[in-house]
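A.B. asks: Provided below are the primary sequence and the corresponding predicted coordinates.
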Amino acid sequence: MLGGGDIRTRGNMNRSRDNGRAELLGDAAARRGEDVRVEMADEDRGVGINDHQLQVLGEKVATIKNLSSAIHNDVQEQLSFLDEMQLRLGQTTDSLRATTSKLQDLINEGGGNMPLCYLVLFITFIFLVLYYLTKSK
């Protein structure tokens with residue numbers, strides 16, 4: 001019976017060792033389960049934070065888009081204004097060239113600069129008289 005008792009004792013020892021392993025592994029599995037839940041909660045928080053940051057980024061992109069659209073419209077208006085201004089400046093330049101040409105013809109036909117000097121003095125005198133009349137009121 002000695003041999004049989006040894007087998008039983010060994011069986012009990014194996015069973016208690018298996019129970020100990022199961023308890024240890026069960027605790028480890030439970031801990032792994034908790035770790036997985038914690039990791040999933042951390043992931044969910046991270047995803048929530050990322051979603052919020054993406055939403056904020058999307059709002060900033062929309063703001064930049066609206067701003068760039070406003071800048072584009074403003075630039076188009078300014079280009080239109082500059083084109084109109086360039087056209088008017090060209091017309092003014094042409095008019096000034098024509099006036100200069102007529103003055104040059106007047107000087108050449110008039111026999112010198114004397115009539116032009118009288119004209120300039122007369123116009124200056126008229127402007128001075130008008131200036132003093134408006135200033136005295």
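C.D. replies: Happy to help now that I have it.
A.B. asks: Tell me the spacing between His52 and Arg45.
C.D. replies: 11 Å (C-beta to C-beta, to the nearest Å). Heads up, the C-betas are built off the backbone N, CA and C, glycines and all.
A.B. asks: do the same with Phe125
C.D. replies: 89 Å.
A.B. asks: and if you look at Gln91?
C.D. replies: Distance, Gln91 to Arg45, by C-beta to C-beta: 69 Å.
A.B. asks: ok, now Gln55?
C.D. replies: 16 Å.
A.B. asks: cool, and Ile123?
C.D. replies: From Ile123 over to Arg45 the distance is 85 Å, taken as C-beta to C-beta.
A.B. asks: Likewise for Leu79?
C.D. replies: For Leu79, the distance to Arg45 (C-beta to C-beta) stands at 51 Å.
A.B. asks: Just after the helix or strand of the chain with the lowest mean pLDDT, pick out the following helix or strand.
C.D. replies: The weakest-scoring helix or strand in the chain, judged by mean pLDDT, DSSP states H and E, is helix 2-109 (a mean of 78). The helix or strand immediately downstream of helix 2-109 is helix 114-136, counting by DSSP states H and E.
A.B. asks: Please name every helix or strand in contact with that next one.
C.D. replies: With contacts defined as 3 or more C-beta pairs under 8 Å, 6 or more residues apart in numbering; DSSP states H and E, helix 114-136 has these neighbours: helix 2-109.
A.B. asks: Tell me how many other residues surround Pro115.
C.D. replies: Pro115 is flanked by 13 other residues according to other C-beta atoms under 10 Å.
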